[in-house]
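Peer 1: Quick one, what's the 3D model for this:
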Amino acid sequence: MATNPSRKRQPFSPEQKESLSHGREQSKVVRKYLEAIELSKPKRGRKRTIESITKQLNAIDASIKATHPLNRLNLTQKKLELTQELERIKNGPDIGDLEVQFIKVAMDYSKRKGISFPAWKELGVAPDVLAKAGIFPIGKLERKPQIPK
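Peer 2: I've put the predicted structure just below:
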């Protein structure tokens, strides 16, 4: 079927542009919060602490000069990885700020996208955070979000 070449798309109205921009902002807030939750989930095995990483870095520094070049290469790589991990731990995402922003947009985002309480919970969003946003399991009364000040 041939398309009509003279048919032009109507430009977006200011209201449509505002709606699209609002949706993008909400998506950005939700994405950042979900990514922060993902990064803060406990990993398998023993929990890494700043002290344990610092101890390993000190051990590497003490032994790196007295070893042969191949081991020095491996220790240098290990040191770089430990330094990066230490920075991630020290400067991890501020979940508190992201959570406040998430609570402000989650209800509207959920309604617009049709996202349910179980879907949020499955991705690691805590039930108390969902409750503050006004998102409840089916059968619970819907309340207004408790937006922190």
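
Peer 1: which intervals of the protein have sub-threshold pLDDT?
Peer 2: Segments of the chain classed as low confidence (criterion: pLDDT under 70) are 1-5, 42, 93, 139-149.

Peer 1: Mind doing that once more with 80?
Peer 2: Within the chain, the stretches falling below the threshold (pLDDT under 80) are 1-7, 39-47, 91-94, 138-149.

Peer 1: In this structure, where's the longest helix?
Peer 2: When the chain is scanned for its longest helix (criterion: DSSP state H), the result is helix 14-40.

Peer 1: Report the buried residues of it.
Peer 2: 26, 29-30, 33-34, 36-37 (16 or more other C-beta atoms under 10 Å). In short, each C-beta sits where N, CA and C put it, glycine included.

Peer 1: Could you export those residues as TSV, including distance to Arg44?
Peer 2: As requested, these are arranged in TSV below (distance: C-beta to C-beta, whole Å):
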residue	distance to Arg44
Gln26	33
Val29	30
Val30	27
Tyr33	23
Leu34	21
Ala36	20
Ile37	17
